[in-house]
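Engineer: task: produce atomic coordinates for the following.
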Amino acid sequence: MDAKPLQPFEAYCDHCHQQRPLFLYEPDHGHLGAGMYSCRWCMRDKQPLLCVRCWGVEKEREENDPSINEDADTMRQICETNARIIAREEAAAHADKATCDAIAQATEERSS
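Structural biologist: Residues are numbered from 1 along each chain as shown. Got it, this is the predicted structure:
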């Protein structure tokens, strides 16, 4: 079964109101979904359909939005902290297992 490539569709751009091939604008940023991390695009009920030119303008606005960049830094710090916590917990679990294995081996050698 051959997959058909996506065909662009033409309609009126929600921004410039001209008939052009359109795209659903999806912000390229990660956030926690909490209210304090929501941007003006994520809070909309209906996402706009934009032509390439208008999409580029919105993309540039998003890239230059200081609050989104601050949110990205906050998210990066949260992820790095979570990774350190997970690594520390895994190291502790590995050390506990090694200790238990050594105790079990010593017990077996002593009882033999």
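Engineer: which SSE is residue 107 in?
Structural biologist: helix 66-111 (DSSP states H and E).
Engineer: how far out from the middle of the chain is that helix?
Structural biologist: Distance of helix 66-111 from the chain centroid (C-alpha atoms, centre = their mean, to the nearest Å) equals 23 Å.
Engineer: now swap in stretch 11-18 and tell me
Structural biologist: When C-alpha coordinates are averaged (C-alpha atoms, centre = their mean), stretch 11-18 and its chain have centres 29 Å apart.
Engineer: quick one: terminal-to-terminal distance for it?
Structural biologist: 8 Å (C-alpha to C-alpha, to the nearest Å).
Engineer: that one - what's its average pLDDT?
Structural biologist: Averaged across stretch 11-18, the pLDDT comes to 85.
Engineer: mean confidence (pLDDT) on the helix holding residue 107, please.
Structural biologist: Helix 66-111 shows a mean pLDDT of 90.
Engineer: just checking, what packs against it?
Structural biologist: Judged by 3 or more C-beta pairs under 8 Å, 6 or more residues apart in numbering; DSSP states H and E, helix 66-111 is in contact with no other helix or strand. For every residue, glycine as well, the C-beta is placed using N, CA and C.
Engineer: swap the cut-off to 10 Å and go again
Structural biologist: Contact partners of helix 66-111 among helices and strands, from 3 or more C-beta pairs under 10 Å, 6 or more residues apart in numbering; DSSP states H and E: helix 52-63.
Engineer: coming back round to it: tell me what angle the helix holding residue 107 forms with helix 52-63.
Structural biologist: 60 degrees (axes from the mean of the first three to the mean of the last three C-alpha atoms, to 10 degrees).
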